[in-house]
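Visitor: Task: produce atomic coordinates for the following.
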Amino acid sequence: MKRISFSFNPAASTNSYDTLVLPVFADGKLAETCQGIDPDKTLSTLVSELNENADFTGKAGKTLMVMQPFDKTSKRVFLVGLGKAEELTFKSYLSAIKAAASAIENSGAQTVYNALVLVQPADKPQAWSVRQNAQVFQQSFYDYAHESRGEHHPKDPKLNAMIFAAEETPENRSAVEQGQATALGMALTQDLANMPSNFCTPAHLADTAIELGKTYGFEANILEREQMLEMGMGSFMAVAQGSITPPKMICLSYKGAGDEAPIALVGKGVTFDTGGISLKPGAGMDEMKYDMGGAATVLGVFKALGELKPKMNVVAVIPATENMPSGNAIKPGDVVTSLSGQTIEILNTDAEGRLILCDALTYVQQTYQPAKIIDMATLTGACIIALGNHVSGLMANDQTIADDLLQAGLETYDRFWQMPLGEEWDEQLKSNFADMANIGGRAGGTITAGQFLARFTKDVTWAHLDIAGTAWVSGDNKGATGRPVPAVVQYLLTQAG
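Guide: A predicted model of the protein is given here:
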């Protein structure tokens, strides 16, 4: 994806850019912080006249392009509505940036002077608005352009450079870097998740990890079926046995802080989920290519880490497989032995994500001795019923990691909602024939899935993110969202300090 060249200049000359992006409030006034770029009030007069004539009222998320309004200004001015100043929120601010990015994409703008960073909600610093602008404008370049699209003509953005109307402080520079790196990571996540499953196989995910390792200096290690069988990953291999496509356990290691214990990221990588013998309904099954959204997120986060190089250690473990029905597939009622030694009665083969994750969670503890583990998975349809498509589910065995993730979600508007864990839900996993069943019934389905994973993380600080409702959108705009890359990157950078 083409990269925007970001820079700072609080008083850029008009001949250094061809387009000005100007925030406008609903009363037809510029923010007081914009006075430095409008010393003679010509822009304020323009905005006031447009408001009086009802040509542009400053409604949140609306834009208006004015071509060559004055001899001494740029070729074009984009007025961007923010709504009422006292009602400016994260959501309305984001909608304004996205509207501006869309408008600029459909113009001839090549070098933009962005004054949106001079405005932010009352509780946010300027660096926050710089990060949001860098991320949204860079992400606006994303276009799924895989060979499978045939004659699709990829985006060819005209925008090359963006000058922020702000001082280049260390905080602002870091904010730009984080925003751009996050957008690049999201693009990788989106590409992998959007790719048809006959292209995005476990082997393709493994190759992507290896390529990231070569690009950024990560240590990559790929476990094959024979190795995992020999290790005793009976739960993961039970899911994989129904497919002729070889499974992979993908491991990446980023070392930026000596010998300290790493934070581990574990991502569900079911590259296509038929449900197995417990076959899913046919309607919408094409979207089960997105069931590797957790794996795609982990790889996107690692791309961002490679760009940012924080002083910390992070490892990734991705169990990748298809879940297929076949003469060799696992059946409801089968009992398997996980890598931890615990036995599992499989009552529903469509609850396969937890079966591959439990062995990955055990493996990452045995191999890397992490200080903390965060797993992420498009795990349960029940999470969509509970939370819709706006926030991801969060469960944890430690409140500190839960609070830190919740805060990272609020900081990025890539939000989480914490759900409980406890003995009551754990009891739903009882089995007459094994240590546990892999489902606990319809009631509290998201929680019992988390409770299942909690049985494999008793000795480590752990959080689970259920991203079934947020990793992609359906309908006419069907596609991967790149979530929760922003929140996870924010969490990691906060932990790095």
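Visitor: make it CA atoms for all contacts and neighbour counts henceforth
Guide: Fine.
Visitor: What values do phi and psi take at the residue nearest to A437 when sequence neighbours are not counted?
Guide: Distance criterion CA to CA, 6 or more residues apart in numbering; nearest residue to A437, sequence neighbours excluded, is E345 at 4.6 Å. In terms of degrees, to the nearest 10, the main-chain angles of E345 are phi -90, psi 120.
Visitor: now T343
Guide: Per-residue torsions, T343: phi -100, psi 150 (degrees, to the nearest 10).
Visitor: Surely it and V336 touch.
Guide: Yes. Look at T343 against V336 with CA atoms under 8 Å: they come within range, at 5.6 Å.
Visitor: Just the buried residues of the helix or strand hosting V21, please?
Guide: Using DSSP states H and E, V21 sits within strand 19-24. For strand 19-24, a neighbour-count test (16 or more other CA atoms under 10 Å) marks T19, L20, V21, L22, P23, V24 as buried.
Visitor: From the rest of the structure, what touches that strand?
Guide: Taking contacts as CA atoms under 8 Å, 6 or more residues apart in numbering, the residues outside strand 19-24 that touch it are 30-31, 47, 58, 74-83, 100, 109-116, 119.
Visitor: Ok, stretch 99-116 next?
Guide: Stretch 99-116 is contacted by residues 12, 16-23, 34, 61-63, 78, 80, 97, 129, 133, 136-137, 140, 157-165 when judged by CA under 8 Å, 6+ apart.
Visitor: was I right about Y17 contacting S74?
Guide: Yes. With contacts counted by CA under 8 Å, Y17 reaches S74, the gap being 6.7 Å.
Visitor: Neighbours of L387, how many?
Guide: Counted with other CA atoms under 10 Å, the burial measure for L387 works out to 16 neighbours.
Visitor: my guess is it contacts G393, does it?
Guide: Yes. Between L387 and G393 there is a contact at 7.4 Å, judged by CA under 8 Å.
Visitor: related to what we said a few turns ago, type out the ChimeraX command that picks the buried ones from the contacts of stretch 99-116.
Guide: Only the buried members of the contacts of stretch 99-116 end up in this ChimeraX selection, burial being decided by 16+ other CA under 10 Å:
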select :17,18,19,20,21,22,23,34,61,62,63,78,80,97,129,133,136,137,140,157,159,161,162,163,164,165
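Visitor: re earlier: now render the buried residues of strand 19-24 as CSV, adding distance to L410.
Guide: Formatted as CSV, the buried residues of strand 19-24 follow (distance: CA to CA, whole Å):
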residue, distance to L410
T19, 32
L20, 30
V21, 26
L22, 26
P23, 23
V24, 25
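Visitor: Most widely separated two among the residues you listed?
Guide: Farthest-apart pair in the buried residues of strand 19-24 is T19 and V24; separation 15.7 Å (CA to CA).
Visitor: Report the mean per-residue pLDDT for the top helix by length along the chain.
Guide: In the chain, taking DSSP state H as the definition, the longest helix is helix 170-194. Per-residue confidence for helix 170-194 averages out to 98 on the pLDDT scale.
Visitor: C-terminal to that helix, what's the next element?
Guide: Using DSSP H and E, the helix or strand that directly follows helix 170-194 along the chain is helix 202-216.
Visitor: Could you check that next one and say which residues are buried?
Guide: Of all the residues in helix 202-216, those buried under the rule 16+ other CA under 10 Å are P202, A203, H204, L205, A206, T208, A209, I210, L212, G213.
Visitor: swap in stretch 2-11?
Guide: R3, I4, F6, S7, F8, P10.
Visitor: Could you do stretch 322-341 as well?
Guide: Within stretch 322-341, the residues that count as buried by 16+ other CA under 10 Å are 322-325, 329-331, 335-340.
Visitor: Would you mind giving these as JSON lines with distance to G276, pLDDT and secondary structure added?
Guide: Formatted as JSON lines, the entries for the buried residues of stretch 322-341 read as follows, by distance: CA to CA, whole Å; pLDDT from 0 to 100; DSSP: H, G, I helix; E, B strand; the rest coil:
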{"residue": "E322", "distance to G276": "9", "pLDDT": "98", "secondary structure": "strand"}
{"residue": "N323", "distance to G276": "6", "pLDDT": "98", "secondary structure": "strand"}
{"residue": "M324", "distance to G276": "5", "pLDDT": "98", "secondary structure": "coil"}
{"residue": "P325", "distance to G276": "4", "pLDDT": "97", "secondary structure": "coil"}
{"residue": "A329", "distance to G276": "7", "pLDDT": "98", "secondary structure": "coil"}
{"residue": "I330", "distance to G276": "8", "pLDDT": "98", "secondary structure": "coil"}
{"residue": "K331", "distance to G276": "8", "pLDDT": "98", "secondary structure": "coil"}
{"residue": "V335", "distance to G276": "16", "pLDDT": "98", "secondary structure": "strand"}
{"residue": "V336", "distance to G276": "16", "pLDDT": "98", "secondary structure": "strand"}
{"residue": "T337", "distance to G276": "19", "pLDDT": "98", "secondary structure": "strand"}
{"residue": "S338", "distance to G276": "19", "pLDDT": "98", "secondary structure": "coil"}
{"residue": "L339", "distance to G276": "21", "pLDDT": "98", "secondary structure": "coil"}
{"residue": "S340", "distance to G276": "24", "pLDDT": "98", "secondary structure": "coil"}
